[in-house]
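Peer 1: how would this look folded up:
(2 chains)
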Amino acid sequence: AQRVTQPEKLLSVFKGAPVELKCNYSYSGSPELFWYVQYSRQRLQLLLRHISRESIKGFTADLNKGETSFHLKKPFAQEEDSAMYYCALSGRGGDDKIIFGKGTRLHILP
Amino acid sequence: EAQVTQNPRYLITVTGKKLTVTCSQNMNHEYMSWYRQDPGLGLRQIYYSMNVEVTDKGDVPEGYKVSRKEKRNFPLILESPSPNQTSLYFCASSFGGVYNEQFFGPGTRLTVL
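Peer 2: The predicted structure is shown next:
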């Protein structure tokens, strides 16, 4: 069964410190992974996806199939990074469902 | 402006009174989907649609219906709402399918008394 686990409900990080939001998944086929972000009073929006292999707002995420992880990283946190982050998974070649993790609230401390 | 709209944004109703939450997108997207967001549970997919007249169940479809008669609209229907359907509901759309970026609506906060 598909599953996405975000072990931290809340992560507090000082401004300028590195950030790592953890995401582990369970999927028997070939996964497609995403990070979505919801800033305060804004709509949920795509931050990045595995297939694009791009860096958005300084964030990167590498798919580690051996550890079944897709952790989100940023070397230097900024106050505007405070938001709710969701990791999500869909399956390539399967149905068009998508599974979201429960989310991690990132709080950047001044 | 390219966007996904939902109506109403807020709704308080009583158990058993049928309601419909509308969702519309102006981006000519094939894929549309409904989610509910609950504290501690994150987003869970209710139903999705790959195109007109094509709908399928997500993870939590019980108690909900959808229809896709036109490409731009994807209403969510609660035939007999119950208190456990009190939640924040989001509609989203994307070009081509779930692998592409989904654009989300502003959300509808539903309270069922």
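Peer 1: For chain B, which residues are neighbours of chain A?
Peer 2: Chain B comes close to chain A at residues B:31, B:33, B:35, B:40-45, B:48, B:50, B:56, B:58-59, B:90, B:92, B:97-99, B:101-107, as judged by CB under 8 Å from any CB of the partner chain. Any C-beta I mention is one placed from the backbone N, CA and C, and that applies to glycine too.
Peer 1: what about burial for these, which qualify?
Peer 2: B:31, B:33, B:35, B:42-45, B:48, B:50, B:58-59, B:90, B:92, B:97-99, B:101-107 (16 or more other CB atoms under 10 Å in any protein chain shown).
Peer 1: tell me the contacts of residue A:32?
Peer 2: Each residue near residue A:32 by CB atoms under 8 Å, 6 or more residues apart in numbering or on different chains is listed here: A:49, A:50, A:51, A:89, A:90, A:91, A:92, B:99.
Peer 1: Among the residues you listed, which one is most surrounded by other residues?
Peer 2: For the contacts of residue A:32, the largest number of neighbours (other CB atoms under 10 Å in any protein chain shown) sits with residue A:89, at 23 neighbours.
Peer 1: how much space is there between that one and residue B:3?
Peer 2: 26 Å (CB to CB, to the nearest Å).
Peer 1: again with residue B:53
Peer 2: 24 Å.
Peer 1: Tell me the residues of chain A that contact chain B?
Peer 2: Checking chain A against chain B by CB under 8 Å from any CB, the hits are A:6, A:9, A:32, A:36, A:43-46, A:49, A:51, A:86, A:88, A:90, A:92, A:95-103.
Peer 1: So what pairs up with residue A:91 in the strands?
Peer 2: residue A:31 (DSSP bridges).
Peer 1: My guess is it contacts residue A:31. True?
Peer 2: Yes - here residue A:91 reaches residue A:31: they are 6.2 Å apart, a contact under CB atoms under 8 Å.
Peer 1: joint contacts of those two?
Peer 2: With CB under 8 Å, 6+ apart, residue A:91 and residue A:31 have no common neighbours.
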